[in-house]
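> Show me the folded form of this:
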Amino acid sequence: MENIRIAIIGIGNCASSLIQGIYYYKDKKPDDAIGLMHWEIGGYKPSTMEVVAAFDIDARKVGMDVNEAIYAPPNCTSIFCPDINPSGVKVEMGCLLDGVAPHMADYPEDHTFTVSKEPEKSKKEIVRILKETRTEILLNYLPVGSEKAVRFYAECALEAGCAFINCMPVFIVSDHEWAARFKEKGIPMVGDDIKAQIGATITHRTLANLFKERGVKLERTYQLNTGGNTDFLNMLNRNRLDSKKESKTEAVQSVLGERLDPDNIHIGPSDYVPWQKDNKLCFLRMEGKTFGDVPMNIELRLSVEDSPNSAGCVIDAIRCCKLALERGVGGQLTSISAYTMKHPPEQFTDDVAVEMVEEFIEGNRKR
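The predicted model follows:
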């Protein structure tokens, strides 16, 4: 069985965790493969994928072997698989567009991006690289708010004939016009905005669904998040946050029996705390009424390493996307998007999404 050939846009913390994971699970067996939702999907194990192309704009990464670039600043995620051998794949200069927020220039170099002086790649050049490397799936890890840049790379995927997995909240997969274009070409797509395995969104959704199923009326809720990686630093620019807030809020609203008034639900990134690095803290509160209109509330503090938490979902999205390529399924992959993304084309409760993914893996439903 040949490896799944992937290209990555943005060699940041999330890419670092994913690539480390590919090597980390190489010598594992199913019984000791902790942290995976599926050991095998369609015959593909975590190690049966290969990064064949990579794009970034940081001077400390462009030109480096991708397996070395994943440890370069400003990356600060956990190193759980050190000393990976060079892959022979060089990180190419990408296309900047709106990929870096202007306020990032006001912070120390080791916290933010150092834009390379290498010439930016045109769409024609990126498409050529994707075709020459026989890339099957293009994985997008651009920063929140990179609206123009994400659309640019989605066009590259279409032109190169690559499947597209959109891990951030610019709405491509959940946009009907984009979906129609991918479906017309028979190219699968998964998105938008990756969930964590056990993170703020999935926990909030689970508790919200619990309230509904147990007859408790949810009256108001908030979810406040802090972190110290470049993602949180980027999101200090509130003008880049509209799609992120919409994505996270809709993920919770969609599982409620009765949608909350916007004044009674607040979900979103809250602040950048440099010393937290890739650790993310979520402070969650839910207020409701039980039997006899008696009030109750839940307060929860969740601490997770952000990037490995997302890689556990991406590694399943990649393998399901490969199955779709093998089966000739184009357009939105509804089941795996609902399972792994905050803003999928169709929202389902997580228990239903799990069943749909299992059916898709077994080939019982072309979703």
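> pLDDT below threshold where in the stretch 101-250 of the chain?
Along the stretch 101-250 of the chain, the model assigns pLDDT under 70 to no residue.
> which residues in it form strands?
137-140, 163-166, 188-190, 217-227 (DSSP state E, counting those that start in this stretch).
> Could you report the distance from the most far-flung residue of the chain relative to its centre to residue 257?
Here the chain reaches farthest from its C-alpha mean at residue 292, the gap being 41.8 Å by C-alpha atoms, centre = their mean. Between residue 292 and residue 257 the distance, using C-beta to C-beta, to the nearest Å, works out to 19 Å. (Each C-beta comes from the backbone N, C-alpha and C, glycine too.)
> follow-up on the earlier one: now the strands of the stretch 101-250 of the chain as JSON lines including mean neighbour count and distance to residue 125?
Output for these, formatted as JSON lines (neighbours: other C-beta atoms under 10 Å; distance: least, C-beta to C-beta, whole Å):
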{"stretch": "strand 137-140", "mean neighbour count": "26", "distance to residue 125": "15"}
{"stretch": "strand 163-166", "mean neighbour count": "28", "distance to residue 125": "18"}
{"stretch": "strand 188-190", "mean neighbour count": "29", "distance to residue 125": "23"}
{"stretch": "strand 217-227", "mean neighbour count": "19", "distance to residue 125": "34"}
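> circling back to that earlier point, what about the residue farthest from the centre of the chain, which SS state?
helix (DSSP: H, G, I helix; E, B strand; the rest coil).
> need the longest helix for this structure.
Secondary structure of the chain read by DSSP state H shows that its longest helix is helix 306-327.
> partners of the next helix or strand after it, with directions?
Reading on from helix 306-327 to the C-terminus, the next helix or strand found by DSSP states H and E is strand 331-332. Its sheet considered, strand 331-332 pairs with strand 188-190 (parallel) by DSSP bridges.
> List of residues touching the strand it pairs with?
163-166, 172-173, 178-179, 182, 317, 320-321, 324-325, 329-333, 336-337, 340-341 (C-beta atoms under 8 Å, 6 or more residues apart in numbering).
> what's the answer for stretch 139-149, then?
Counting by C-beta under 8 Å, 6+ apart, 6-12, 14-15, 18, 95-101, 150, 153-154, 164-170, 230-231, 234-235, 237, 239-241, 243-244, 314, 318 sit against stretch 139-149.
> Now do the buried residues in it.
Of the residues in stretch 139-149, 139, 140, 141, 142, 143, 144, 145, 146, 147, 149 count as buried by neighbour count, 16 or more other C-beta atoms under 10 Å.
> List the contacts of residue 74.
12, 58, 110, 111, 112, 113, 229, 230 are the contacts of residue 74 under C-beta under 8 Å, 6+ apart.
> Would you mind putting those into JSON lines with neighbour count and distance to residue 287 alongside?
Shown next, in JSON lines, are the contacts of residue 74 (neighbours: other C-beta atoms under 10 Å; distance: C-beta to C-beta, whole Å):
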{"residue": "12", "neighbour count": "27", "distance to residue 287": "36"}
{"residue": "58", "neighbour count": "25", "distance to residue 287": "43"}
{"residue": "110", "neighbour count": "11", "distance to residue 287": "41"}
{"residue": "111", "neighbour count": "17", "distance to residue 287": "36"}
{"residue": "112", "neighbour count": "20", "distance to residue 287": "37"}
{"residue": "113", "neighbour count": "26", "distance to residue 287": "40"}
{"residue": "229", "neighbour count": "24", "distance to residue 287": "30"}
{"residue": "230", "neighbour count": "24", "distance to residue 287": "34"}
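> Just the ones of these in helices?
Going by DSSP H, the helices hold residue 230 from the contacts of residue 74.
> Quick one: list the elements packing against the strand or helix carrying residue 22.
Assigned by DSSP H and E, residue 22 belongs to helix 13-24. Contacts defined by 3 or more C-beta pairs under 8 Å, 6 or more residues apart in numbering; DSSP states H and E place helix 13-24 against strand 49-56, helix 306-327.
> closest to residue 358 out of these?
helix 306-327 (10.8 Å; C-beta to C-beta).
> what's the spacing between that closest one and its chain's center?
Mean-position distance between helix 306-327 and its chain equals 10 Å (C-alpha atoms, centre = their mean, to the nearest Å).
> between that helix and strand 49-56, how big is the angle?
120 degrees (axes from the mean of the first three to the mean of the last three C-alpha atoms, to 10 degrees).
> Pull out the buried members of the contacts of stretch 139-149.
By 16+ other C-beta under 10 Å, the contacts of stretch 139-149 give 6-12, 14-15, 18, 95-101, 150, 153-154, 164-170, 230-231, 234-235, 240-241, 243-244, 314, 318 as buried.
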